[in-house]
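Peer 1: pasting the sequence and the predicted model now:
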Amino acid sequence: MYRLFRAALRPVTYSRWVHLCVPMLMLAVWMFIGPEAPWMPLLLVIPLGLLPWMRLAEGLQAQFLLAPHDQDTEGGSFSTVASKRWGDRWRTLLWLEIRLVLALATMFASVWLPVLTVELVITALGGTVTKDNVMPFAPSPWAAWLLAPVPLVVLLVVVVLLGELVTVIARRLLGPSAAERLTALETRTEQLLERTRIARELHDSIGHALTVAVVQAGAARAAGDPEFTDRALNAIEETGRAALEDLERVLLVLRESGQRPSQRPTLAEADRLLESARASGASVDAELIGPLEQLPGPVAQEGYRILQEALTNVLRHCGPVPVRVRIGMVADRLDLEVTNPLPDRPTVMAGSGSGLRGMRERAALLGGDVETGLHKGGWRVRARLPLKRIR
């Protein structure tokens, strides 16, 4: 009884009732056209069920009326795309046939039970119902008062049960097929990969700019030299301007604007990163071997970000210490190595942090690898990116 009372207060009970009543319009019209063949609507829906867009229409209707609480769940309970396979079309056709049968049962319950209640009330008031009444027997007035609410309670029970039944059937016949689930999973994976890539871009570019700005500002305040402060402000300005360009490029991707975003920086612009580190007080010994401007685009772009993150980690965790950078094209790969001594109390932790993970992810996307860890009393980041497969 408690569940029945609770169902009477749930909005979904009445939205399911509306869903059950929708096909009644077709059935009611056919009763006027051809009452001698009540089974004809079952044949009329056959060509409709085989139309690809019918699955889309029925899926949306079921989603909004049968299970509105499932709309926020990942993937949803119902397919909301047109049929692409004949198996989905046959399932849609079977759904339409079952829906017509359930609508017929709903129509009789929704009409006959309220009429029965009206006749019981008339009898209880001492009136006389017509000879075409639906009451199976003629109760006394006092019995009619007691029986009057019963048809409405039965109607509520029928609506709740039919609503549950039609929802279960809809989830089986209108639910996403295996192919549709696979397509949705692939789309979701692509979205997650894109979000991860954007997060890496923001972390590397903005993180580098903020690290340089913090180091420069602290060094300028400690030095107390106007000339050094001026150089520090210039470095902060240049780094901030580059970070703003990267931020605008990423925001253009997020907005899905038709405007073409600016080109991502490459290793051909590695001098900008090295000068930024030098301006922060670090002594950078750089050796660039080979024509870096001829590197394949993906390798040059991801290599730039790996170098940027490696220098950012040095400044963030170790401060302005000597840094040794080696970048060169060796056979069919690009080798990138950044080493630095560790202070007395380093804060670098091997294998931790989103920056180190981001470097490994960038290299893995190209079929390469990144090694990070202690090396000869210092810290080393070594990346090896293949060129042959990229070309």
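Peer 2: Structure received. Residues are numbered from 1 along each chain as shown.
Peer 1: next up, the contacts around the closest residue to Glu293 other than its chain neighbours.
Peer 2: Once flanking residues are discounted, Glu293 sits nearest to Ala268: 4.3 Å by CB to CB, 6 or more residues apart in numbering. Just so you know, the C-beta spots here come from the backbone N, C-alpha and C atoms, and that holds for glycine as well. By CB atoms under 8 Å, 6 or more residues apart in numbering, Ala268 lies in contact with Leu292, Glu293, Leu295, Ala300.
Peer 1: count of residues packed around the second one?
Peer 2: Pointing back at Glu293 there. 10 (other CB atoms under 10 Å).
Peer 1: distance of it relative to Arg91?
Peer 2: 57 Å (CB to CB, to the nearest Å).
Peer 1: re earlier: show the pLDDT at the residue nearest to Glu293.
Peer 2: pLDDT for Ala268: 85.
Peer 1: go on, Leu192?
Peer 2: 69.
Peer 1: over to Ala37?
Peer 2: So, for Ala37, pLDDT stands at 70.
Peer 1: that one belongs to a helix, doesn't it?
Peer 2: No: with DSSP: H, G, I helix; E, B strand; the rest coil as the criterion, Ala37 is located in coil rather than a helix.
Peer 1: OK, contacts around it?
Peer 2: Contacts of Ala37 by CB under 8 Å, 6+ apart: none found.
Peer 1: what's it sitting at in phi/psi?
Peer 2: Main-chain dihedrals, Ala37, degrees, to the nearest 10: phi -130, psi 70.
Peer 1: Leu27 versus that one, what's the distance?
Peer 2: For Ala37, the distance to Leu27 equals 12 Å [CB to CB].
Peer 1: let me see the contact set for the residue of the chain most remote from its centre.
Peer 2: What lies farthest from the middle of the chain is Gly126; by CA atoms, centre = their mean that is 63.7 Å. Gly126 is in contact with Pro141, counting by CB under 8 Å, 6+ apart.
Peer 1: correct me if wrong, but it is in a strand.
Peer 2: No: Gly126: not assigned to a strand; according to three-state DSSP it is coil.
Peer 1: how many neighbouring residues does Arg16 have?
Peer 2: A count of nearby residues for Arg16, using other CB under 10 Å, gives 26.
Peer 1: contacting residues around it?
Peer 2: Per CB under 8 Å, 6+ apart, neighbours of Arg16: Leu65, Leu66, Val159, Leu162, Gly163, Val166, Thr167.
Peer 1: what's the distance between the nearest residue to the first one once chain neighbours are set aside and Leu210?
Peer 2: Taking CB to CB, 6+ apart as the measure, Leu65 lies nearest to His19, with 4.0 Å between them; neighbours along the chain are not counted. Separation of His19 from Leu210 (CB to CB) stands at 54 Å.
Peer 1: and for Ala286?
Peer 2: 23 Å.
Peer 1: more neighbours, the two?
Peer 2: Ala286 (18 against 15).
Peer 1: wait, that one sits on Val325?
Peer 2: Yes: counting by CB atoms under 8 Å, Ala286 touches Val325, with 4.4 Å between them.
Peer 1: run through the stretch 251-391 of the chain and note the low-pLDDT ranges.
Peer 2: Scanning the stretch 251-391 of the chain for pLDDT under 70 picks out 251-263, 345-354, 389-391.
Peer 1: if we use 90, what do you get?
Peer 2: The model of the stretch 251-391 of the chain has pLDDT under 90 over residues 251-283, 288-305, 308-321, 329-333, 342-368, 373-378, 386-391.
Peer 1: and the strands in it?
Peer 2: In the stretch 251-391 of the chain, strands defined by DSSP state E, counting those that start in this stretch lie at 284-289, 323-330, 333-341, 369-375, 378-386, listed in chain order.
Peer 1: okay, buried residues for the second one please.
Peer 2: Burial within strand 323-330, assessed by neighbour count using 16 or more other CB atoms under 10 Å, is assigned to Val323, Arg324, Val325, Ile327, Met329.
Peer 1: let's have those in JSON lines, adding distance to Gln308.
Peer 2: Shown next, in JSON lines, are the buried residues of strand 323-330 (distance: CB to CB, whole Å):
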{"residue": "Val323", "distance to Gln308": "13"}
{"residue": "Arg324", "distance to Gln308": "16"}
{"residue": "Val325", "distance to Gln308": "12"}
{"residue": "Ile327", "distance to Gln308": "12"}
{"residue": "Met329", "distance to Gln308": "19"}
